[in-house]
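Peer 1: Sequence and predicted structure are below.
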Amino acid sequence: MSARASEDFVQKTGFDLALDVLSRLEGKFQGSSGGHPGAAGFNGIAESLEPLLQECVLLCEEFLKSRKISERVKKLKDD
């Protein structure tokens, strides 16, 4: 799979697709990853795409919560 994040998001949050998400899939999905903060790729083994995508969402949520970004996004939505 391949993934991208906007340059603006990467700069404002310190998010790194390669380190924060795709490299963390390697053990669970028997694969390898590479890339940089704004664009990265992963090759691995999964019975279907759904578990892989769900894990990516969980890892992104984990990053957002760890940086308290999810609270800021929620606040912006509420305003």
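Peer 2: Cool, the structure landed.
Peer 1: which residues in the protein form strands?
Peer 2: Assigned by DSSP state E, the chain shows strands spanning 2-4, 32-36, 39-43.
Peer 1: would you turn the ones you listed into JSON lines with distance to Arg67?
Peer 2: Backbone N, C-alpha and C define where each C-beta goes, glycine included. JSON lines is the format used below for these (distance: least, Cβ to Cβ, whole Å):
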{"stretch": "strand 2-4", "distance to Arg67": "18"}
{"stretch": "strand 32-36", "distance to Arg67": "19"}
{"stretch": "strand 39-43", "distance to Arg67": "19"}
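Peer 1: winner for burial among those?
Peer 2: strand 39-43 (a mean of 18; mean count of other Cβ atoms under 10 Å).
Peer 1: What is that strand packed up against?
Peer 2: Packing partners of strand 39-43 (3 or more Cβ pairs under 8 Å, 6 or more residues apart in numbering; DSSP states H and E): strand 2-4, strand 32-36.
Peer 1: Ok, which of those comes nearest Val57?
Peer 2: Between Val57 and the helices and strands packed on strand 39-43, the tightest spacing by Cβ to Cβ is seen for strand 2-4, at 11.4 Å.
Peer 1: who's in contact with the closest one?
Peer 2: Identification of contacts with strand 2-4 by Cβ atoms under 8 Å, 6 or more residues apart in numbering yields Leu17, Val21, Leu22, Gly35, Gly38, Ala39, Ala40, Gly41, Phe42, Cys56.
Peer 1: And stretch 9-25, by the same measure?
Peer 2: Contact partners of stretch 9-25, identified using Cβ under 8 Å, 6+ apart, comprise 3-5, 31, 33-42, 44, 52, 55-56, 59-60, 63, 67, 69.
Peer 1: those helices in the chain, which residues are they?
Peer 2: Using DSSP state H, the helices of the chain run over 7-13, 49-66, 69-78.
Peer 1: Just the angle for the longest one relative to strand 39-43, thanks.
Peer 2: On the basis of axes from the mean of the first three to the mean of the last three Cα atoms, to 10 degrees, helix 49-66 is oriented at 140 degrees to strand 39-43.
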